[in-house]
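Student: need a 3D model of the sequence below.
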Amino acid sequence: MRIEVAETGHTLEQLTPSQGRRLASSGVVDARPSPYEPDLWEITPRGKVGVALIGDVEVWVTPKLPIDRLLFLVGYAVDPKGWRDETVHLDVRDGLIPAVAQALWRQSERALRQGLLQGYRTVEETSYVLRGRLREADQLRRHHGGVIPMEIRHDDFTVDTPENQILLAAITRLLTVHRVDGESRRRLAALRARLANVTTLVRGTSLPDWHASRLNTRYHTALRLAEIVWRATSPEHSPGSLAANGFLFDLPKIFEDFVTVAVSEELHARYGGAAYPQYNCHLDEALAVRMRPDLVWELSGRPAAVVDAKYKREKPAGYPDADLYQMLAYCTALRLPRGHLIYAKGNAPAASHVVRHAGTEIVCHALDLMLPAERLLAQVSGIVTELASEVQTAPNT
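Tutor: Take a look at the predicted model:
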């Protein structure tokens, strides 16, 4: 069975009680039984877009953003200098999954054009030929003084590097996703064959760590995209017991990452200081209540501005302005006279609120995600200008 629903919409579907309960516990969508028709369930997305197989129900959540806009936000957030051109010029007519598949094989082919990246890996093994160094303690413990076989440690120059393992993991994952177009499937399969001598990661394990360097520069963009694919295809989308397999982007997290990276870069380039994402601070004097604003900008080691990104304005029952209360707490704890909430346009209007008897101002900004990349970044620049005008600072030289 297949259900299709828009990111900002809802749909009524005929489901069995067990299917409805699975959807409700998946974390991908909200599912509520209709009060009027016993077999109908109201399905509403929960901020994720893509496809997920939940039990025997395939759920498609289509984004309201054009696919190229969505991929620009994703790409900018993880690698702002390397993704701008590659994302906006993709052929995205067929939807999100084909677009991501195209991006992955194109970036991977570009990375491997000069051959597979090689590097040294430390290997410990039992051998009849001495290579490298003898592991004396292991030799005595395992062979009780025998000369052969030998327990040795040596450095092996190999293609089985973390970078190649990450590419192979993402390619393998994406090949299991439904609706990857035919050309992308052929290209990805060919890339997997080229990486045949690389270790395949076991499902459920974490990606290996890698570090950007001059030697792996040509891999950087492909690796960032591979990490996105790995996260989007991870089955652990729900805190419950039911795994939702498929391909899902978490839009609130994507928006938060984009705002954090774009504002941080602009602040540092124009005004200096240091911008810290997920800033660790406390609400109370006893340091028992921890808070983590999305971004705090420090000058001379002191907080100068605080920013929180909200893809959708929160309106939980009983607390219709929870975002404002949260920002007021940040400003109070950080001793700041003003805080900034950044929304996606259409989810909340631009506004400014001054708190009675405190004088704290909470400024709400709205980013128009439908704009071309240059104009969207110009909006970010305008927010940074307003943010920085609150403090006495000089342009970074």
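
Student: surely Trp297 is in a strand?
Tutor: Yes: assessed by DSSP: H, G, I helix; E, B strand; the rest coil, Trp297 belongs to a strand.

Student: please tell me how far Glu390 sits from Leu369.
Tutor: 25 Å (Cβ to Cβ, to the nearest Å). No exception for glycine: its C-beta is placed from N, CA and C like everyone else's.

Student: those two: which is more packed in?
Tutor: Leu369 (21 against 15; other Cβ atoms under 10 Å).

Student: pretty sure that one contacts Ile342?
Tutor: No: in this structure, Leu369 is not within contact of Ile342 by Cβ atoms under 8 Å, at 11.3 Å.

Student: check the offset of the helix ranked longest in the chain from the chain's centre.
Tutor: Identified as the longest helix of the chain according to DSSP state H is helix 251-271. What separates the centre of helix 251-271 from the centre of its chain is 13 Å, taken as Cα atoms, centre = their mean, to the nearest Å.

Student: could you shift the numbering so residue one becomes 445, and keep it that way?
Tutor: Sure, I'll start numbering at 445, so the last one becomes helix 695-715.

Student: partners of the helix or strand following that helix, with directions?
Tutor: Downstream of helix 695-715, the next assigned helix or strand under DSSP states H and E is strand 718-721. As defined by DSSP bridges, the strand partners of strand 718-721 come to strand 739-743 (antiparallel).

Student: in the partner strand, what's buried?
Tutor: Leu739, Val740, Trp741, Leu743 (16 or more other Cβ atoms under 10 Å).

Student: for this structure, what helix or strand is lowest in average pLDDT?
Tutor: helix 528-532 (a mean of 41; mean pLDDT, DSSP states H and E).

Student: now do the next helix or strand along the chain from it: distance to the chain's middle.
Tutor: Toward the C-terminus, helix 528-532 is succeeded by helix 540-556 as the next helix or strand (DSSP H and E). Taking Cα atoms, centre = their mean, the mean C-alpha location of helix 540-556 is offset from the chain mean by 17 Å.

Student: phi first, then psi, for Trp504.
Tutor: Backbone dihedrals for Trp504, given as degrees, to the nearest 10, come out at phi -110, psi 120.

Student: domain parsing for the protein?
Tutor: Domain assignment for the chain by automatic domain parsing gives 446-506, 511-560+605-678, 563-602, 697-832.

Student: could these go into a markdown table alongside distance to Gly690?
Tutor: Conversion of the domains of the chain to a markdown table gives the following (distance: least, Cβ to Cβ, whole Å):
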| stretch | distance to Gly690 |
| --- | --- |
| domain 446-506 | 4 |
| domain 511-560+605-678 | 7 |
| domain 563-602 | 33 |
| domain 697-832 | 17 |
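
Student: and the longest helix of the chain, what does it pack against?
Tutor: helix 511-522, strand 718-721, strand 739-743, strand 746-754, strand 782-788, helix 817-832 (3 or more Cβ pairs under 8 Å, 6 or more residues apart in numbering; DSSP states H and E).

Student: just the CA trace of the third one, in CSV.
Tutor: By that I understand strand 739-743. The C-alpha trace of strand 739-743 is given here as CSV (Å, rounded to 0.1, in the frame of the first residue of the first chain):
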residue,chain,number,x,y,z
LEU,A,739,24.0,29.9,17.6
VAL,A,740,25.8,32.3,19.9
TRP,A,741,28.3,34.9,18.6
GLU,A,742,31.0,35.9,21.0
LEU,A,743,33.2,39.0,20.9
